[in-house]
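Asker: compute the structure for the input listed below.
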Amino acid sequence: MKILHCSDIHLGKKPFGSKEYSEIRYNDYFLAFDKIVLSAIEKDIEVFLISGDFFDKKELVPQTLNKAEDSLIKLKENNIEVLIIEGNHDNSKTGKEYNSWINYLENKGYFKKLEYSVNNDNDKEKDIYTFEKLIKDDVNFYGLGYPGHNIERVLDELNNQLNENENNIVMVHTAISEGDFLAGTANSAIIDEFKGKVKYMAGGHFHGFNTYPKENPYFFVPGSSEYWNIQNEKNQKKGYIIFDSEDVGKYEFFESEKRNRIIIKKDIISDDVNDFNNEFDAIIKDLFINEGEDIIILELRILNNIFINTKYCEDALEAKGALKTFVKVKYSSDIKSNNFENLTHAEIEKEIIKKWDVFGKNADEMVKVMEKLKNSQKENNQEIFFDNFNMMIDSLIQGDNNEN
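Answerer: Coordinates of the predicted model:
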C-alpha cells in the first residue's frame, strides 16, 4: 500500500506585510499543498496522511475553506483515502467539536479524522483510553491528534494496547524534544518503546524534515509544506514522505515547492553612511532576483559603529525585483565593548542578549533556553536541534499568542 505523509500545511496563514505581499504569501500555502496533492495522484498513492495543522487557525474565512476544498476534491475524485488528525492550530476544544472545520470537511466526505477518547468519570486514577482504529487491508491506522502536555501519557497508553504482531501505523501531532520546555513534544525514550510495534509513526508539529532513530527510523516528521516563519526557518528541509506499508524501513522524502528565498550574509567594513551605500550597491550589483518572486533575507554584520538605513537596503533590493526584503543588522562593537573577563559563560550570554532588539527583554529566559539547547544535542541530530531552536525563537517572539 503506497502511502503519502505530510503535515503542518497551515492553510489560511496570512503573513504580515503589505496587502499585496500578504495575499501572495496567503496563496503560497495553498499552492504548496496542491502540488503535494498532484504528486499523490501522479504517483498512484492509496492513502494520504495529514498529521495535524491542516489549517493555521481554528476560525476560517470562507475563501480559506473554499480553496482547501478545491484541493481535497482532487484526492476524493481520484479515490485516494485521506486520513487526518488535528494539530494544535486546528484543535477543537472538548465540547466544542461542532465548531470544527475539520469535522465539517469530514462530514462532506473529504477525509476521515482519527482520534482517541478518555473516560475517567472524574477520577484520573481510573482513566480509560480508547483508541479509534481504522483498518485498511491488513494495516491498522491510529490517530492521536495533539495531546499537548499529555503526550507521553497518551503514547504510553497506546503502546500498551498495540499488538506487535499486527501492522500498525500511528499518526500523532508531535516531534521529539528532550526535556519539558516545548509543549506537545515527546521525549525520545517514549518513542523508543514503539520499536517493533509500528511500521511507521507519522509525526508533525516541527517544521523541518527529520527522522528517528538515525538507523532504521520509524518516526518521521516531513516538515511544513511552506515556510511558516520565513525569517527563522533557515536550516530545514520541508516536504512530504512516500512509503510502502509492505516495504518496512524504505521511504523517500520529496521537497515541497515553496516560495523561493535568498539569504545574504555580509560583513560591512564601511565607516560612514556614504561608503556603506556604495559598498552595499556593489554587493547586490550582480545579484539575480526573479522579478516579483524571491524573498530576500539580508543579514549584515557592521564592523564599525555606523548607522545603517535598513530602508535603503529594502528599497534597493525591491527595485531589483525582490518580492520582500527582511534586514537584520548586527553590530560587532556591541560585543567588543564589554568587559567579560570575570563573568561566567551564562552571564556573558545574558549581557550579549540584553543588547538584541527582539530578545533583550527576555535575556534570562533566553539563557535558560540556550542551556537546554546545548543539553538537547546528546542525540547529535542537527534537524531536531534546529527545530527546537526555531520553535523556541517563535515562542519568545510571540509569547502567549504563539500557537506553534
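
Asker: which stretches of the chain have low pLDDT?
Answerer: Residue ranges of the chain with pLDDT under 70: 92-98, 121-125, 179-181, 333-347, 355, 357-359, 371-404.

Asker: try 50
Answerer: Scanning the chain for pLDDT under 50 picks out the ranges 335, 337, 378-379, 399-404.

Asker: ends of stretch 184-200, what's the gap?
Answerer: For stretch 184-200, the first and last residues are 20 Å from each other (CA to CA, to the nearest Å).

Asker: ignore the last one, stretch 285-292
Answerer: Stretch 285-292 has an end-to-end distance of 17 Å (CA to CA).

Asker: contact partners for Ile128?
Answerer: By CB atoms under 8 Å, 6 or more residues apart in numbering, the contact set of Ile128 is Val118, Asn119, Asn120. For every residue, glycine as well, the C-beta is placed using N, CA and C.

Asker: so which of those is the closest to His173?
Answerer: The shortest approach to His173 among the contacts of Ile128 belongs to Val118, at 16.8 Å (CB to CB).

Asker: circling back to that earlier point, among the contacts of Ile128, which ones are buried?
Answerer: Buried by 16 or more other CB atoms under 10 Å: nothing, out of these.

Asker: export these as a markdown table, with columns for secondary structure and distance to Ser332.
Answerer: Formatted as a markdown table, the contacts of Ile128 follow (DSSP: H, G, I helix; E, B strand; the rest coil; distance: CB to CB, whole Å):
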| residue | secondary structure | distance to Ser332 |
| --- | --- | --- |
| Val118 | strand | 54 |
| Asn119 | strand | 60 |
| Asn120 | coil | 57 |
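
Asker: which of those residues sits closest to Phe288?
Answerer: Nearest to Phe288 among the contacts of Ile128 is Val118, at 55.6 Å by CB to CB.

Asker: ok, the closest one touching Asp127?
Answerer: Yes. Contact criterion CB atoms under 8 Å: Val118 and Asp127 qualify, at 5.6 Å.

Asker: now the one helix or strand Thr211 maps to, how far from the centre of its chain.
Answerer: Thr211 belongs to strand 210-212 when assigned by DSSP states H and E. The chain centroid and the centroid of strand 210-212 are separated by 14 Å, computed with CA atoms, centre = their mean, to the nearest Å.

Asker: which elements pack onto the helix or strand following it?
Answerer: Sequence-wise, the next helix or strand downstream of strand 210-212 (DSSP H and E) is strand 219-221. Applying 3 or more CB pairs under 8 Å, 6 or more residues apart in numbering; DSSP states H and E, one finds that strand 219-221 makes contact with strand 200-202, strand 210-212.

Asker: just checking, what packs against the next helix or strand after strand 219-221?
Answerer: Remark: after strand 219-221, the chain's next helix or strand is strand 239-244, criterion DSSP H and E. Judged by 3+ CB pairs under 8 Å, 6+ apart, the packing partners of strand 239-244 are strand 2-6, strand 251-255.

Asker: out of these, nearest to Val172?
Answerer: Smallest distance to Val172 across the helices and strands packed on strand 239-244 (CB to CB): 11.8 Å, for strand 2-6.

Asker: which outside residues touch the very next helix or strand once past that closest one?
Answerer: Proceeding N to C from strand 2-6, the next assigned helix or strand is helix 19-42, under DSSP H and E. For helix 19-42, the external contacting residues (CB under 8 Å, 6+ apart) are 4, 6, 9-17, 48, 56, 67-68, 70-72, 74-75, 78, 80, 225-226, 240, 254, 256-259, 323-324.

Asker: buried subset of those residues?
Answerer: Taking 16+ other CB under 10 Å as the criterion, what is buried in the contacts of helix 19-42 is 4, 6, 9-15, 48, 56, 67-68, 71-72, 75, 80, 225-226, 240, 254, 256-259, 323-324.

Asker: that older thread, quick one, which of the helices and strands packed on strand 239-244 is nearest to Lys43?
Answerer: The closest of the helices and strands packed on strand 239-244 to Lys43 is strand 2-6. By CB to CB, the value is 6.9 Å.

Asker: strand partners (parallel or antiparallel) of that closest one?
Answerer: Applying DSSP bridges to the sheet, strand 2-6 is found paired with strand 47-51 (parallel), strand 239-244 (antiparallel).

Asker: any idea which of these is most buried?
Answerer: Comparing those by mean neighbour count (mean count of other CB atoms under 10 Å), strand 47-51 ranks first with a mean of 27.

Asker: export that one to CSV, keeping only CA atoms.
Answerer: Provided in CSV are the C-alpha atoms of strand 47-51 (Å, rounded to 0.1, in the frame of the first residue of the first chain):
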residue,chain,number,x,y,z
VAL,A,47,-3.6,6.6,1.5
PHE,A,48,-2.8,10.3,2.1
LEU,A,49,-1.9,11.2,5.7
ILE,A,50,-2.1,14.7,7.1
SER,A,51,-0.7,14.7,10.6
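
Asker: who's in contact with that strand?
Answerer: The set of residues external to strand 47-51 that reach it, using CB under 8 Å, 6+ apart, is 1-7, 9, 37, 40, 75, 80-85, 87, 111, 136, 141, 171-173, 202-204.
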